[in-house]
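> here's my sequence, what's the structure:
(one chain, ligands or ions: 1)
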Amino acid sequence: MYKKQQQILVMGLGYIGLPTASLLATKGHKVLGVDISIDVVDTINSGNIHIVEPDLDILVRSAVNSGNLRASITPDVADTFILAVPTPFRKVGGNPRAPDISYVEAATHSIAPYLREGNLVILESTSPVGTTERIAEILAELRPDLVPSIPIHKTSSSVYLAHCPERVLPGHIIRELVDNDRIIGGINRASAAKAQELYSSFCNGTTFITDSRTAELAKLVENSFRDVNIAFANELSLICDRLGINVWELLELANKHPRVNILQPGPGVGGHCIAVDPWFIVSAAPEESRLIRLAREVNDSKPNWVVEKIRAKAERFKNPVIGCLGLAFKANIDDLRESPALEITRMLIRENIGLVMSCEPNISEDFREFPIYPLADVLTEADVVVVLVDHDEFKQIDREILKEKVVIDTRGIWR
Ligand SMILES: NC(=O)c1ccc[n+]([C@@H]2O[C@H](COP(=O)([O-])OP(=O)(O)OC[C@H]3O[C@@H](n4cnc5c(N)ncnc54)[C@H](O)[C@@H]3O)[C@@H](O)[C@H]2O)c1
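I've put the predicted structure just below:
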């Protein structure tokens with residue numbers, strides 16, 4: 001039976017690790033959150049947060065005030081270790097987008113000295129196939145006294161190891177952490193069963209057990225499914241533009257078919273997940289991943305297309321002022337990672353297409369790359385208004401103000 005109050009250590013206190021650590025703390029577990037950033041650690045220990053996510057501030061404050069959540073830059077002994085560190089891509093040889101699991105490897109090295117017999121190690125980071133086995137190899141090297149046994153049929157281990165990929169939607173993380181179904185991929189059966197006990201203690205969703213490699217690929221496939229479908233929508237938006245058809249109306253009508261559900265086009269695809277994870281599959285099986293690669297290329301080329309649209313419209317003005325609404329990769333969050341809105345704004349500035357006035361209500365004053373303007377100023381000054389993110393603030397703009405302006409709405413908020 002799962003111990004009611006466990007000591008849980010969460011490595012990486014970002015968008016995934018911090019909500020997970022706080023939730024576990026509010027469920028009565030003693031949680032130590034570890035991050036390499038001293039600023040992150042100090043912010044959390046003071047009951048504050050460093051990222052924008054609805055209701056996360058309340059959850060973290062209550063977890064810290066209860067005495068169950070503490071942050072540190074140094075790990076400690078625990079019953080369960082959860083790794084929620086970044087897994088970006090990087091250039092390796094001729095592959096510009098090879099998966100970078102160095103953060104996972106570093107976190108594994110950091111926790112290794114603290115592991116004890118019977119501990120459970122969970123990899124939550126989205127990972128290329130084989131990463132959980134790589135953790136097992138590292139632990140076997142560093143702690144030969146506690147070798148996690150790899151074969152799936154093994155029913156006992158001295159250290160249990162599983163991959164439990166995270167599926168939460170930014171902006172809804174707290175609810176989805178609890179309500180989503182989870183895939184639990186054990187390095188062996190005993191590990192899967194042990195991890196399942198933990199997730200069952202705080203998840204309302206169903207937990208499904210498999211091996212670690214299947215769990216790793218399942219997460220990558222989920223995001224690739226979305227990427228391929230968004231690429232289809234983005235391609236349709238280009239076709240519609242050429243044919244003079246309103247893509248939003250087209251999609252609304254096509255989706256009336258009982259078995260059609262086309263996703264929405266946009267200025268591209270961003271974020272730490274959908275824009276990144278499909279490359280992990282392409283890297284692992286380049287010859288077989290033709291559609292997945294092409295979808296990535298279609299989505300990655302959309303920002304260029306948007307810039308060309310803006311350029312064509314801006315040419316009508318002598319000294320054009322271009323108002324860019326939004327920088328985040330999706331609505332109502334502050335996350336700029338791989339954001340097409342940021343990429344488009346950067347391109348407009350770099351190519352000197354006009355005076356660029358960017359507005360992003362969700363980022364702090366720490367953003368210094370270029371000036372950020374209040375929405376009212378952008379709406380007053382801009383000749384061309386470009387909707388790059390469908391933040392709620394933008395949806396509430398009075399259309400009357402835009403009457404005299406050129407509007408490019410990449411998100412279809414004014415379809
Ligand atoms: N953000 C999402 O919506 C989302 C959704 C599903 C899965 N994921 C996956 O979850 C993982 C984490 O993503 P995130 O968005 O939380 O990243 P993040 O960048 O917000 O947070 C990661 C944190 O880990 C810290 N860190 C880096 N190396 C460390 C180390 N060796 N030890 C301790 N801390 C370390 C960083 O300082 C950072 O605070 C990634 O694999 C990502 O693909 C993210």
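> hey, where'd the helices end up in the stretch 151-300 of the chain?
Here the stretch 151-300 of the chain has its helices, by DSSP state H, counting those that start in this stretch, at 173-179, 189-200, 212-243, 247-254, 277-284, 290-314.
> how much space separates the residue at the greatest distance from the centre of the chain from Leu32?
Largest separation from the mean C-alpha position in the chain: Lys318, at 40.1 Å (CA atoms, centre = their mean). Computed as CB to CB, to the nearest Å, the Lys318 to Leu32 distance reads 60 Å. For the C-beta atoms, the positions are set from N, CA and C on the backbone; glycine is no exception.
> for the chain, what lies in contact range of the ligand?
11-17, 34-37, 40, 84-87, 103, 106-107, 110, 125-126, 166, 168, 170, 272-273 (CB under 6 Å from any ligand atom).
> if any of these are buried, give me the ChimeraX selection for them.
Buried members of these, defined by 16 or more other CB atoms under 10 Å, are picked up in ChimeraX with:
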select :11,12,13,14,15,16,17,34,35,40,84,85,86,87,103,107,110,125,126,166,168,170,272,273
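> so which of the residues of the chain next to the ligand sit within strands?
Met11, Val34 (DSSP state E).
> could you check how far the residue farthest from the centre of the chain is from Val276?
With distances taken as CB to CB, Lys318 is found 41 Å from Val276.
> which residues sit in contact with the residue of the stretch 1-150 of the chain found nearest the ligand?
When scored by CB to the nearest ligand atom, the stretch 1-150 of the chain has Gly14 as its residue closest to the ligand, at 1.8 Å. Counting by CB atoms under 8 Å, 6 or more residues apart in numbering, Gly14 makes contact with Asp35, Ile51, Ala84, Pro86.
> reformat the residues you listed as CSV; add pLDDT and distance to Ser200.
Output for the contacts of Gly14, formatted as CSV (pLDDT from 0 to 100; distance: CB to CB, whole Å):
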residue, pLDDT, distance to Ser200
Asp35, 98, 27
Ile51, 88, 27
Ala84, 98, 19
Pro86, 96, 27
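> show me the strands in the stretch 1-150 of the chain, by range?
Under the criterion DSSP state E, counting those that start in this stretch, the stretch 1-150 of the chain carries strands at the ranges 7-11, 30-34, 69-72, 80-83, 89-92, 95-99, 120-123.
> average pLDDT across the fifth one?
Just to be clear, that refers to strand 89-92. Strand 89-92 shows an average pLDDT of 92 in the prediction.
> and it, which residues are buried?
Phe89.
> gap between it and the chain center?
Here strand 89-92 shows a centroid-to-chain-centroid distance of 18 Å under the convention CA atoms, centre = their mean, to the nearest Å.
> list of residues touching that strand?
With contacts defined as CB under 8 Å, 6+ apart, strand 89-92 is touched by Pro96, Arg97, Ala98, Pro99, Asp100, Val276, Trp279, Phe280, Ser283.
> stretch 25-45 too?
Contacts for stretch 25-45 (CB under 8 Å, 6+ apart): 4-14, 17-18, 21-22, 24, 49-50, 59-60, 62-64, 66, 68-76, 78, 110, 201-202.
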